[in-house]
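Fold the following and give me the result.
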Amino acid sequence: MIRIVKQLPFIAVLLSVALAFAFRVVPAWDAVFTPHGVSFQEPDAWYHMRTVHNLMAHFPKRSGFDPYSVYPGGAAVVTGPFWDYLLGSVAWVAGAGSPSGDTIDRVGAWLPAILGCLLPVPVFLLSRRLFGSVAGMLSAFWVAIIPGTFLWITHLGMADHHAIETFTSFLSLTLLCTAPEMEGRRKWLFAILAGVALAAYLETRAAGVFVPAIFAVASVFSLALAPLAAAAVATCCLLMLPFGSASPWAEYTRLALIASLALTLPLALLNSLRAKRNWSRRTIYGVAAIVALGAAGCLELAFPSRIQGLARIVRIYLGGSHGSQLARQVVELQPLWKAAPGGLASLINQFGVAWAFAIPGLAILIAGVWRNRRPSVTLFTVWSLTMISGVIWQLRMGAYAGIVVAILAGVFTARLIHAIPESATALRTVTAGAVVLLALFYALPAGFAQTHPEQGPDRDWMASLEWLHRNTPEPMGNPAAWYRLWPRLTPGSEFAWPASAYSVIAQWDRGSWISGVAHRIPAANGELTGAEATSRFLVETDPQRALEAARDMNARYAVIGPGAITGQLPAIVAMAGGKIDRYSRLVFVRLEGGQKAQLRVYFPDFYSSMAARLYLFGGQRFDTAAKGVQVFLPQPEFSDSGSLLGEVDEVRSFPSAADARTWIATHPAIPAYLASSDATVSCIDLPELTWARQAFVSSDERIIGSRQPSVVKVFALRP
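Next up is the predicted model:
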């Protein structure tokens, strides 16, 4: 029995690793490993796999430019290289120096899940060191099952850089928290290793400037941490600063490292003076605050434009920023409170029930900081407050906050168990079991719902992408160009496109599929480059202006899926600078007996848009006389934009759009508008689009208005 008790932490961590593995792999297995190959579960994952495939063709040389990213500009490869090199190195070893494409894809699918299921180990080690063995075991369990952003980025098929980003940042924190607990040279060794992990992190996510900032701020509150934080940041500088970077964040990364050194080095000197002069705590904090303000003032004087630029970028990336298309259109940049389904359900989707345990755990943590004055606990507290604040403002920060919530939940759960007398072993066991069951009850359904559905190209999209690859001209003149080593462009120069180059119009989040699967050049990509132009094309109601837009993009093909007329239409309209009320709206129709029914209606601009004309009608002529049209008579109430609102009192049918318009014109006193309750039946006559021809249809599915379609269509454009 004693032997089992001694082995309990090892057993608990092993079970947590196994649970984390199952949670990340089993639900997503069929969605990732498909008959047509590995299906990565996010557009950015396809982008990284594109760069890795190109890297493996010239390993270890890496392209600095990618013409297949977007047309007409192409794009510099600005992502941190560490993830691509890690993934490529593993694939190179797995393939004995010559990995096949399938081997590379499988490594890309597995590595994020492996990193995710290994995270309970450092979580256990850190939590055990700071809060005890029981808290460590429970924290490892919580982090294994917590759903939300953290689960999403570490599940099977998520070959984006977020998994290694989270792993290296937390590893750096764990090592730096361990350093003050060590004696002699070992503390400096751990500080240096923390700097190595920090360099790996910043070479993965250059925008992660808040991590060295956390180390510096924590040093203000705990001077004993300052020398070790300075050693970690200095190590990171030695590994990073001598090398150039194409990242647009590079100058801010350097600024963050310099600023962290500018703060931690004087604080380290102050710590040495404090030890010799035995200052009071009030004096220590007063002088530390003066040093911090002085360092900030010096940085403002030395780098005013960089600091102002960083402040502008932060405002843009904050959820709810009025001037940012990026923050409005990218889900992960939205605030937690705006994330679907909203309210308490958003918290459960993001953290399961762990958040309810984490709140008192955070209170325990904050209450203990002032009392015990351990540098490691101070650092973890600053880290926790930063990450929790971050996820409130931006859902993406849930990748970091998920680990914090898990540890805090473990801290409070351990406190609950410790509150029960040691003699009541059965009660302690029952309490721990109840917590485990409650956690699983909330986490498993949410996690399964998040990772089980197929998020990559479905069968229809894959068929369309493969058709593009096999049946369209090579945009760069030679299929080998996709694997060619493309050097970084010199500043001020432009890429020389061959005469054969052209683009493919698709929704911006499909751009990485166009490049990664079809080996063609999209007109827009997931970075929103070209997104406004392609969105304007899709919602344009004037065929001549749409044709001119296609010419401007040098587009020869357009690939349109069901999202362009259904769930993604509001985002496309917003990106084009329009309002969805021009295209579609929900209304209440009064039925016989006084009851009301909610109904979605579609307006003439919806059917005139290129997305609908191509996807629903194949660019062919549509005559309303075939099925007739409807006129809706609403109550005379108006929205702020001037559009009619309220209930629809009556719906009248007419033989054609011309008859309906004649009736509306002859009854100006009656509020009325032309619309259709069936997306597939236009309420206006449509002439044929002579410059677009349907070239491929993924299936023979018949699109019915009341059913979500899945078919994807490819159109050849003759601009």
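
Spatially, which residue comes closest to V589, not counting chain neighbours?
V648 (4.6 Å; C-beta to C-beta, 6 or more residues apart in numbering). Where you see a C-beta, it was placed from the backbone N, CA and C, and this is true even at glycine.

Surely the one you found is within a strand?
Yes. Judged by DSSP: H, G, I helix; E, B strand; the rest coil, V648 forms part of a strand.

Pull the contacting residues for it.
Neighbouring residues of V648 by C-beta atoms under 8 Å, 6 or more residues apart in numbering: V587, F588, V589, R590, L599, F632, L633, P634, Q635.

just D542 next, same as before
Counted by C-beta under 8 Å, 6+ apart, D542 has contacts S608.

how about it, phi and psi?
With angles defined as degrees, to the nearest 10, D542 sits at phi -100, psi 120.

same question for stretch 206-213, mean pLDDT?
What stretch 206-213 shows for mean pLDDT is 91.

no, scratch that, I was asking about stretch 94-104
Taken as a whole, stretch 94-104 carries a mean pLDDT of 93.

Also stretch 563-583?
On average, stretch 563-583 scores 92.

What of stretch 222-232?
Stretch 222-232 shows a mean pLDDT of 93.

just how off-centre is that stretch within its chain?
Centroid separation for stretch 222-232 versus its chain: 33 Å, with C-alpha atoms, centre = their mean, to the nearest Å.

Run through who's touching that stretch.
172, 175-176, 179-180, 187-188, 190-192, 194-195, 198, 215-216, 218-219, 260-261, 264-265, 267-268, 270-271, 274, 284, 288, 373-376, 378-379.

and what of stretch 254-261?
Against stretch 254-261 from outside (C-beta under 8 Å, 6+ apart): 202, 209-210, 212-213, 215-216, 229-230, 233-234, 236-237, 240-241, 295, 299, 303, 306-307, 310.

Then stretch 363-379?
If you take C-beta under 8 Å, 6+ apart as the criterion, stretch 363-379 is touched by 129-130, 173, 176-178, 180-181, 214-215, 218, 221-222, 224-225, 228, 380-381, 384, 408, 411-412, 415.

Give the ChimeraX command for selecting the buried subset of these.
In ChimeraX, this line selects whichever of the contacts of stretch 363-379 come out buried by 16 or more other C-beta atoms under 10 Å:
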select :129,130,173,176,177,178,180,214,215,218,221,222,224,225,228,380,381,384,408,411,412,415
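
re earlier: can you flag the buried ones in the contacts of stretch 254-261?
202, 209-210, 212-213, 215-216, 229-230, 233-234, 236-237, 240, 295, 299, 303, 306-307, 310.

Give me the subset of those that lies in strands.
Assigned to strands by DSSP state E, none of the buried ones among the contacts of stretch 254-261 qualify.

What's the ChimeraX syntax to select whichever of the contacts of stretch 222-232 are buried?
Entered in ChimeraX, the line below selects the buried ones among those, by 16+ other C-beta under 10 Å:
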select :172,175,176,179,180,187,190,191,192,194,195,198,215,216,218,219,260,261,264,265,267,268,270,271,274,284,288,374,375,376,378,379
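
So which bits of the helix or strand A660 falls within are buried?
Assigned by DSSP states H and E, A660 belongs to helix 657-666. Across helix 657-666, burial judged by 16+ other C-beta under 10 Å covers A657, D659, A660, I664.

quick one: contacts of it?
Contacts of helix 657-666 (C-beta under 8 Å, 6+ apart): T624, V629, Q630, V631, R652, F654, A672, Y673, L674, C683, I684, D685.

what lines up beside the helix or strand just after that helix in the sheet?
Once the chain leaves helix 657-666, the next helix or strand it forms, by DSSP H and E, is strand 673-675. Strand pairing for strand 673-675, using DSSP bridges, gives strand 629-634 (antiparallel).

Mind exporting the C-alpha coordinates of the partner strand to CSV?
The C-alpha coordinates for strand 629-634 follow below in CSV (Å, rounded to 0.1, in the frame of the first residue of the first chain):
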residue,chain,number,x,y,z
VAL,A,629,-42.8,35.8,-56.9
GLN,A,630,-43.9,37.1,-53.5
VAL,A,631,-44.5,40.5,-52.1
PHE,A,632,-44.2,41.0,-48.4
LEU,A,633,-46.4,43.7,-46.7
PRO,A,634,-44.8,44.6,-43.3
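
how big is the angle separating it from helix 657-666?
Angle, strand 629-634 to helix 657-666, by axes from the mean of the first three to the mean of the last three C-alpha atoms, to 10 degrees: 30 degrees.
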